[in-house]
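Asks: All I have is the shape, not the residue letters:
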């Protein structure tokens with residue numbers, strides 16, 4: 001196993017862009033944990049692969065860069081597939097995906113807590129809302145959700161889906 005040294009980190013820093021922590025915390029769907037784009041890919045095609053998610057991210061950044069794929073490649077290499085919550089909301093609305101994707105803090109979701117998952121960053125983790133769970137009166141008591149990045153299906157309670165619990169709906 002190769003030992004990580006200060007010198008190798010310095011060499012890496014000289015070739016890679018460093019994103020300030022304040023900016024990084026506002027980004028979601030970064031490569032390596034490209035949860036937003038995996039949700040988009042899953043909702044559009046049922047595909048949950050890295051390449052399917054990457055194709056949606058590249059299309060998005062190419063359109064944001066006025067069709068310049070070189071600029072889109074730069075954005076992807078600099079920021080991964082990351083985007084802000086407001087950009088994610090805008091994308092979801094434009095593409096008919098609103099109310100289907102939510103961003104959660106895994107450290108506050110009981111399923112993730114009891115199965116050893118933790119938050120990758122303070123910006124959260126995107127998952128797909130499959131359906132509402134209703135009681136006999138028709139009131140919503142929770143949601144069936146799917147996590148395309150980890151290929152997990154589970155339920156979250158109504159209190160877990162609230163913004164005060166760190167959950168943000170993509171409207």
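Replies: Noted; the coordinates are in hand. Being a predicted model, the structure only gives us computed values, none of them experimental.

Asks: Now for the nearest residue to residue 49 once chain neighbours are set aside: which residues touch it?
Replies: In this structure, residue 49 finds its nearest non-sequential neighbour in residue 41, 7.6 Å apart by C-beta to C-beta, 6 or more residues apart in numbering. Heads up, the C-betas are built off the backbone N, CA and C, glycines and all. For residue 41, the contacting residues are 47-49, 52-53, 55-56, 148, by C-beta atoms under 8 Å, 6 or more residues apart in numbering.

Asks: Farthest-apart pair in those residues, please.
Replies: Pairwise distances across the contacts of residue 41 peak at 14.3 Å for 55 and 148 (criterion: C-beta to C-beta).

Asks: The lengthiest strand in the chain: which residues count as buried?
Replies: Secondary structure of the chain per DSSP state E: the longest strand is strand 125-134. By 16 or more other C-beta atoms under 10 Å, the buried positions in strand 125-134 come out as 125-129.

Asks: Over to stretch 141-154?
Replies: Neighbour-count burial for stretch 141-154 flags 142-143, 145-150, 154 (criterion: 16+ other C-beta under 10 Å).
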